[in-house]
Every structure is written in structure tokens, then in C-alpha cells.
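Asker: next come a sequence and a model predicted from it.
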Amino acid sequence: MSATQLPKAQKAAIVQKDLTIAVETISVALPGAGQVLVKINVAAQNPVDWKSIEWQEINPGMGTGCDFAGIVAAIGDGVTNVAVGERVAGWVVASAGKTTAFREYTLVDARPLYKIPDNVTDEEASTIPLAIATAAIGLRRLTNYPQSAPYNRYVLVWGGSSSVGLFAIQLAHLTSFKVITTASPKNHDLVRKYGADVAIDYHAPDSIEQVIKATGKQGGVDYVFDTISEGSSVELSVKALRPSGPRKICVILPLNTEELDPSVEYAAVTCASILGMDLTLFGHHFPRDERNYQFGIEFTEQVAGWLRDGRLKGNPYTVLPGGLSGIQDGLAFMKSGKVSGTKIVYRIADTP
């Protein structure tokens, strides 16, 4: 598609003064050097989309939405890794204020982008980028990922049926970890299908005892990946760490570690490092990490191969009606805690 064929305006979901979402018309920006303009077919919803608004990381007049899947509409000078017309998926940091996914067109750096294999739908592809980046960077903070785990090493994924949890399970399984996870009983079959060796009800009063028992003589897990990081999940999950092990836990939200077990190493993950960004988020500064950026470029290519040969799959998803006009209801639904074992996605063409 040439620049003359691109629309000059597009619809986008914009935060209003009362912190609700409304569809507005904004301009379409053309790609500069090293950039790609993507026509979004499907956008996926994440908890950060509503939390960033509530926590005032995203202010009125800004957009929201991180995950997208679509077609390359235009490329800037120097772009060689993708071509116009190719199907791609990716994610953006909406709170940075440059672009978002809840719109018809998004302007992103050419790397890293995921090329979508023919056997994967746009809906499935849209569930992948942000969550799998979080899972991958989290495992890098905990272990020597992507190197294979030593024999008989256990990782506990707390919140295995969450979007990040399902990818953490798959990536840990692919690197030979024994994976124990917690989830509601209704999602036990789901997490096992995605590679968990053991599924435990996190509501059970003896959930930690069950985790430790599942590790046999080892007496606990080597690592914890807490994909919830709210309520008592951190304080509870670290009790499953074996006394003589690495005693490391990865969390997806910043913590006040002064109130936590000092014998445990706590690592907060921000997947923005995969995008090569220097970012301040939720009051914490995360500097650019060139090693994670280069890892991200290689990782996106690896993910495309895994999707193609069936070793990796996206989240189960639920399409909400109305496209961009349905986002306000979708965010409220997620905030109420009613989303479980599925990821909400929107088909942008459904926007009235």
C-alpha cells in the first residue's frame, strides 16, 4: 500500500476526562526510518490496559491497548525484516504516549515483530506478544533462560491460567523444567494442556504443602514466577521455595520488599526491555537493556517457528462485540475480576 493509498484519519479508543473510553478520530502517521505502519485487524486486552488508567500512567486524551495483530501497511527506509502485506503481531507500551493498539493503525519499530504463520489466526496471534515477552524476560531474571534447565529442577508458576502464566508454563516446559502451577480447579485441564506437570488449587488451605509434596525429596521448588503479584500471592508462594535452593521469585508488579522474607531474591520484570526502551513505570525506572533487546529480536523469530510447528500456542480467547466501541465494557469486565482462562480480543473491523 503506497502512502497515497493510506487513509489520513483513523478511529482510536481514547481515555476521556472521566477515565472512560470513547472512540475518536485521530490522524494516521507515516513510518519513518526503521518503522512499520501496521493495519490492525485484532487487538487483545491486558490487565495493564485498565490499571494504567486507574493508576494515572495513562491520562485523558491518551489511548490505551498494547497487543495487536494485523498487516504491514507501509514501511520506512531501511526496513528489511518485513514487507508490505505480511501478517505480523506485536505490542507497544501505551503509557509511553507514542502509539497504542486500540486503534485502526499503529506505528511501531520494525524490530521486534512476530511474523504470523499461516496456521495461526489473527485472534490467536494478538494474545501472544506482551504476555510472552513478560514470561520470557521473567524467566531470564530467574534462570539462565533460554538455556535448558538442569535435571530435576522445579518452577512454580503462580496463576497458571493467566495470560502470562500460560506462556510461562510453555516456555519453562520447553526448557525442561518440571512445572507446578496454581489455578482454579475449572482451569486445571487447561494448564495441563499447556504443559504443567502438576496443577494445584490456590484456594486450598494446604496449597503450599501440596506444592512441596509434588517436588518429592527436593522439599520445594527452585524458582517461583508469580504472574499475579497481588494480594497475598507473593507472601504465600515464596513458602514453596526449597531451603537450600536459589530462592528466587519473579513478580510482574513492583513490591515493597522491606516487608517480605529477606532470604528470598525478588525480581520485578518489565518486558519493555525487549523493545529496547528506557522506561519509567509505576514510579520505577527501567533502563534500556541492550542484551534483552537483542534477545527479543532472536526470540520473536523463534516464537514464529514454534507456532508454525505446534510447540507453542496462544491463549484461549473471547471476542467481544463492537470492536473499539466495546473496549469500555471489556475493561470494566476485566477489572471486576470476571476474566478467567481466556483473553479478551477485539476485531477492529467490528467498530461501528
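Answerer: Here it is on my side, so go on.
Asker: surely Glu235 is in a helix?
Answerer: Yes: applying DSSP: H, G, I helix; E, B strand; the rest coil, one finds Glu235 inside a helix.
Asker: hmm, it is touching Leu260, no?
Answerer: Yes: taking contacts as Cβ atoms under 8 Å, Glu235 lies within contact range of Leu260: 6.8 Å. Yep, even glycine has a C-beta here, placed from its N, CA and C like the rest.
Asker: show me the strands in the stretch 101-250 of the chain, by range?
Answerer: 105-109, 114-115, 154-158, 178-182, 198-200, 223-226, 248-251 (DSSP state E, counting those that start in this stretch).
Asker: for the last one, what is the average pLDDT?
Answerer: Meaning strand 248-251. Strand 248-251 comes out with an average pLDDT of 95.
Asker: report all helices and strands that the helix or strand just after that strand contacts.
Answerer: With elements assigned by DSSP states H and E, the helix or strand that comes after strand 248-251 is strand 265-268. For strand 265-268, the packing partners by 3 or more Cβ pairs under 8 Å, 6 or more residues apart in numbering; DSSP states H and E come out as helix 129-142, strand 248-251.
Asker: re earlier: look at Glu235 and Leu260 and report which has more neighbours.
Answerer: Using other Cβ atoms under 10 Å, the more surrounded residue of Glu235 and Leu260 is Leu260, with 15 against 11.
Asker: can you add distance to Ala22 and give the strands of the stretch 101-250 of the chain back as TSV?
Answerer: Output for the strands of the stretch 101-250 of the chain, formatted as TSV (distance: least, Cβ to Cβ, whole Å):
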stretch	distance to Ala22
strand 105-109	18
strand 114-115	30
strand 154-158	36
strand 178-182	38
strand 198-200	41
strand 223-226	35
strand 248-251	33
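Asker: which one of the ones you listed lies closest to Gln10?
Answerer: Shortest distance between Gln10 and the strands of the stretch 101-250 of the chain, using Cβ to Cβ, is found for strand 105-109: 5.1 Å.
Asker: buried sites along the closest one?
Answerer: 105-109 (16 or more other Cβ atoms under 10 Å).
Asker: and the contacts of it?
Answerer: 6-7, 10, 28-31, 34-40, 68, 73, 90, 92, 98-100, 275-276 (Cβ atoms under 8 Å, 6 or more residues apart in numbering).
Asker: that strand: partners in the sheet, and parallel or antiparallel?
Answerer: Here strand 105-109 is paired, per DSSP bridges, with strand 35-44 (antiparallel).
Asker: distance from the helix or strand just after the strand it pairs with to the middle of the chain?
Answerer: Using DSSP H and E, the next helix or strand after strand 35-44 towards the C-terminus is helix 47-54. Between the centre of helix 47-54 and the centre of its host chain there is 13 Å, according to Cα atoms, centre = their mean, to the nearest Å.
Asker: do the same with stretch 226-235
Answerer: 17 Å.
Asker: what's next to it, contact-wise?
Answerer: By Cβ under 8 Å, 6+ apart, the residues outside stretch 226-235 that reach it are 135, 157-160, 162, 164-165, 168, 202, 237, 249-253, 255, 260-261, 266.
Asker: change it to 6 Å
Answerer: Residues outside stretch 226-235 that contact it (Cβ atoms under 6 Å, 6 or more residues apart in numbering): 158-159, 162, 164-165, 237, 251-253.
Asker: can you redo the residues you listed as a markdown table with neighbour count?
Answerer: Converted to a markdown table, those look like this (neighbours: other Cβ atoms under 10 Å):
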| residue | neighbour count |
| --- | --- |
| Trp158 | 29 |
| Gly159 | 24 |
| Ser162 | 25 |
| Val164 | 28 |
| Gly165 | 28 |
| Ser237 | 27 |
| Val251 | 25 |
| Ile252 | 23 |
| Leu253 | 17 |
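Asker: for Gln328, state which of these is nearest.
Answerer: Ser162 (22.4 Å).
Asker: circling back to that earlier point, out of the contacts of stretch 226-235, who's nearest Val15?
Answerer: Out of the contacts of stretch 226-235, the member with the shortest distance to Val15 (by Cβ to Cβ) is Leu253, at 21.0 Å.
Asker: got the phi and psi for the closest one?
Answerer: Main-chain dihedrals, Leu253, degrees, to the nearest 10: phi -130, psi 150.
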